[in-house]
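Participant: quick one: sequence plus predicted model below, questions after.
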Amino acid sequence: MARTVNPPVQRGSTVLMPSASTLYDTHQPTYGRQGLSAQNALTDALDALEGAVGTCLYPSGLAAVTGVLLALLKSGDDLLVTDGIYGPTRRFCAQVLAPFGVTTRYFPADARPAEVMAMATPSTRMILLESPASLTFELQDVPAIAQAGRASNILTAIDNTYGAGLIFKPLAHGVDVSIQALTKYVGGHSDLFMGSASAADPAILRRLAAGVVNVGWSVSPDDAYQMHRGLRTLAVRMEQHAASALTVAQWLKTRPEVDEVYCPPLPGSPGHDLWRRDFTGGNGLFAFTLKPASETKVHAFLDALDLFGLGFSWGGFESLAIHCDPQLPFRQEPPRLGGPLIRLHIGLEAPQDLIADLEQGLGALDAG
């Protein structure tokens, strides 16, 4: 077979073994669901990116989060979760983990490590982090929480989709499991679903891998190929996302219609000091609050946008905008904000064009 730059795509369920004695050899793939060339190339690259001994793949980012929880928790365990966690993770904890006897309790999204650990009980088995939170961008002191958790024999896991394994390295900061929705920045084009969970401890990796096998998750070779290709340009794209986002955030900070900008790389923004200490760069995601305005005016602002699409998710080449207020009441302690919360994902368009589009939206807000 000719050697190519990218890995071959092997589409197959049955794997033909060389001899009868190898049919039950679990040291090599015996069935396509376990992953072949494209999946292996992707996990090898993610291992290098994350500094992991191994990475498991899941069919979506949410599946990666739920897969980690199912693999590492059991009935009677207590789970501590940041109140800023991704909404579907909260739903899973309530609708799936709770009936199976796992208790979930939430701590404030900006809680200090001592406050988090004060909630721990003898039944606490895991702390699930997300830093920054994907709507309101609170940061946790991840290294300190990981260190405290390890001292108390409590596992830590983090939804690190914001960091993409590139601008923040959870495993290097002591976290046990780094989770990503590869759907976002690794895929980079809003056309793939996949998640990953990486671990530095072989024992934890074995539990994660067993969970994947036992539940029956798999990812297609074609999707793995596309994810691997996206990973090659991740650093270049992320640098552009970050530079453009900072330009737009700085402009919004000057606008009279804006109450606050929640962009960790922006000096003066909440959490900036933790971001500057722990992160090596930014990305395209941030939020801002408008000064008090009716829902009608918020909709007028959003509907006047042309370049920004109105849609969920983020991490692709395109810019997106959503209003977040309908999601906030699900928190245990809804954040106290100065006005309606808008989240932007700054894509790869020219930032001056995006600013002109936002200016058009703010004009519609003022006119409403």
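Facilitator: The structure has been received and is ready for your questions. Computed from a predicted structure; not experimentally measured.
Participant: I'd like the next helix or strand past the longest helix along the chain.
Facilitator: Taking residue count as the measure and DSSP state H as the definition, the longest helix of the chain comes out as helix 234-253. Downstream of helix 234-253, the first helix or strand assigned by DSSP states H and E is strand 258-262.
Participant: quickly run through the sheet partners of that following strand, with directions.
Facilitator: Partner strands and pairing direction for strand 258-262 (DSSP bridges) are strand 285-290 (antiparallel).
Participant: quick one: neighbours of G281, just the number.
Facilitator: Other residues near G281 number 17, with proximity taken as other CB atoms under 10 Å. C-beta: built from backbone N, CA, C; applies to glycine.
Participant: can you name the residues that contact it?
Facilitator: By CB atoms under 8 Å, 6 or more residues apart in numbering, the residues touching G281 are L166, I167, M238, E239, A242, P265.
Participant: who are the packing partners of the longest helix of the chain?
Facilitator: Contact partners of helix 234-253 among helices and strands, from 3 or more CB pairs under 8 Å, 6 or more residues apart in numbering; DSSP states H and E: strand 258-262, strand 285-290, helix 351-367.
Participant: now for the ones you listed, which one comes closest to D44?
Facilitator: Closest approach to D44 among the helices and strands packed on helix 234-253 is made by strand 285-290 (27.4 Å; CB to CB).
Participant: what about dumping the CA coordinates of the longest helix of the chain to PDB?
Facilitator: As requested, the backbone C-alpha atoms of helix 234-253 are provided in PDB (Å, rounded to 0.1, in the frame of the first residue of the first chain):
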ATOM      1  CA  LEU A 234      -6.100  23.800  15.200                       C
ATOM      2  CA  ALA A 235      -3.200  26.100  16.500                       C
ATOM      3  CA  VAL A 236      -3.400  28.400  13.400                       C
ATOM      4  CA  ARG A 237      -7.100  28.700  13.600                       C
ATOM      5  CA  MET A 238      -7.200  29.300  17.300                       C
ATOM      6  CA  GLU A 239      -4.700  32.100  17.100                       C
ATOM      7  CA  GLN A 240      -6.900  33.900  14.600                       C
ATOM      8  CA  HIS A 241     -10.100  33.300  16.600                       C
ATOM      9  CA  ALA A 242      -8.400  34.700  19.700                       C
ATOM     10  CA  ALA A 243      -7.000  37.800  18.000                       C
ATOM     11  CA  SER A 244     -10.300  38.700  16.400                       C
ATOM     12  CA  ALA A 245     -12.300  37.900  19.600                       C
ATOM     13  CA  LEU A 246     -10.100  40.300  21.600                       C
ATOM     14  CA  THR A 247     -10.600  43.000  19.000                       C
ATOM     15  CA  VAL A 248     -14.300  42.600  19.100                       C
ATOM     16  CA  ALA A 249     -14.400  42.400  22.900                       C
ATOM     17  CA  GLN A 250     -12.400  45.600  23.300                       C
ATOM     18  CA  TRP A 251     -14.800  47.400  20.900                       C
ATOM     19  CA  LEU A 252     -17.800  46.200  22.900                       C
ATOM     20  CA  LYS A 253     -16.300  47.400  26.100                       C
END
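Participant: buried sites along that helix?
Facilitator: 234, 237-238, 241-249, 251-253 (16 or more other CB atoms under 10 Å).
Participant: what's in contact with it?
Facilitator: Residues outside helix 234-253 that contact it (CB under 8 Å, 6+ apart) are 164, 166-167, 185-186, 188, 258, 261, 263, 265-266, 269, 281-286, 288, 317, 344, 346-351, 354-355, 358.
Participant: any of the residues you listed buried? List them.
Facilitator: Of the members of those, the ones counted as buried by neighbours, 16+ other CB under 10 Å, are 164, 166-167, 185-186, 188, 258, 261, 263, 265-266, 269, 281-286, 288, 344, 346-347, 351, 354-355, 358.
Participant: can you list contacts of stretch 290-301?
Facilitator: Under the contact criterion CB under 8 Å, 6+ apart, stretch 290-301 has outside partners 256-259, 323, 325, 338-340, 342, 361-362, 364-365, 367-368.
Participant: which parts of that stretch are buried?
Facilitator: By neighbour count on 16+ other CB under 10 Å, the buried set for stretch 290-301 is L290, A293, K297, V298, H299, A300, F301.
Participant: I'm done for today, thanks for sticking with me.
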